[in-house]
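> Give me the fold of what follows.
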Amino acid sequence: MSEHLFLKKVKCPYCLQESKTNRVLSRHIRPLEVEKDGYTTYDGPNPYLYEPTVCDHCHLVFHDSFDKVRKHNREALETNYFNQVNPDVLKGDRSYEHVILLYKFAVMTAQLSGQKPSVVAMLGMRIVWMYRLSGDAASEKEWMQRTLDKYNEVQEEYTDPIRTGLPYDQLMLRIADLSAALDYYEDARRWYGILLSSKEVSERIRNQARDHWEEFRLEHA
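A predicted model of the protein is given here:
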């Protein structure tokens, strides 16, 4: 095992048994830069490569953000995941290709197990980042669109930060930034406009929105 890693005990949200999975030691997590869509560049090992977890017992692929799987969601997992997945394909060396596969399985299990749509969208963003790092621009753009669609779904059904899974101003900024990245000019302008004019937006998010809008506007001048 790399000196930058340690084995963390995690509990599976389905079978509730403990597994050990590699994670980056906190002292080696040194952020360098944060991109507009939230991706953080690190000086050292990339923690995003180690976020998806594979249960040693039932082979569920999950993320720390998953809630315990409720009884009425278990059948969907059993029918559409456990009865179809080959545990051997879940083994790998945490290359970009392998991690993308694990994140895709995590998206599947999140949907089947009834996790919050914001969790599904968050996993989609991580797939966007992994494709970016691997140099696959076409797949990166495809997953940007999928993730934007999911964030729009979250926005349409928004209730509150606890039940939805994230603050509303962060959600709006994510939609604005993805719309800008996909060159949806009018959509981006509308969402940035709301962020800049609403009194419900935090100063931090408003400042980010202002910077992102100015950059996007200048690119399209």
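> beta partners for Thr53?
Phe62 (DSSP bridges).
> need the contact list for it.
Shown in contact with Thr53 (C-beta atoms under 8 Å, 6 or more residues apart in numbering): Val10, Ser19, Thr21, Val61, Phe62, His63, Asp64. For the C-beta atoms, the positions are set from N, CA and C on the backbone; glycine is no exception.
> how close does it sit to Lys104?
Using C-beta to C-beta, to the nearest Å, we find Thr53 at a distance of 14 Å from Lys104.
> can you give me the helices for this structure?
For the chain, applying DSSP state H gives helices covering 71-77, 96-112, 117-134, 137-156, 161-164, 168-181, 185-197, 203-219.
> And these: which comes nearest Glu33?
helix 117-134 (13.1 Å; C-beta to C-beta).
> same for the closest one, what does it pack against?
With contacts defined as 3 or more C-beta pairs under 8 Å, 6 or more residues apart in numbering; DSSP states H and E, helix 117-134 has these neighbours: helix 96-112, helix 137-156, helix 168-181.
> so what's Leu112 closest to, chain neighbours aside?
Excluding the flanking residues, the one nearest Leu112 by C-beta to C-beta, 6 or more residues apart in numbering is Ala76, at 4.5 Å.
> Can you verify my assumption that that neighbour contacts Gln115?
No: the criterion here is C-beta atoms under 8 Å, and Ala76 misses it with Gln115 at 11.8 Å.
> and these two? which has more neighbours close in?
Taking other C-beta atoms under 10 Å, Ala76 and Gln115 do not tie; Gln115 has more neighbours (24 against 15).
> wait, that one sits on Lys68?
No: with contact defined as C-beta under 8 Å, Gln115 does not reach Lys68; the gap is 10.3 Å.
> circling back: so which of the contacts of Thr53 is surrounded by the most neighbours?
Neighbour counts for the contacts of Thr53 (other C-beta under 10 Å) peak at Phe62, which has 25 neighbours.
> Quick check: the gap between that residue and Trp213.
Using C-beta to C-beta, Phe62 is found at 36 Å from Trp213.
> ok, back up a step: now render the contacts of Thr53 as JSON lines, adding pLDDT and distance to Leu196.
What follows is these, written out as JSON lines (pLDDT from 0 to 100; distance: C-beta to C-beta, whole Å):
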{"residue": "Val10", "pLDDT": "97", "distance to Leu196": "40"}
{"residue": "Ser19", "pLDDT": "95", "distance to Leu196": "45"}
{"residue": "Thr21", "pLDDT": "95", "distance to Leu196": "41"}
{"residue": "Val61", "pLDDT": "98", "distance to Leu196": "39"}
{"residue": "Phe62", "pLDDT": "98", "distance to Leu196": "37"}
{"residue": "His63", "pLDDT": "98", "distance to Leu196": "32"}
{"residue": "Asp64", "pLDDT": "96", "distance to Leu196": "33"}
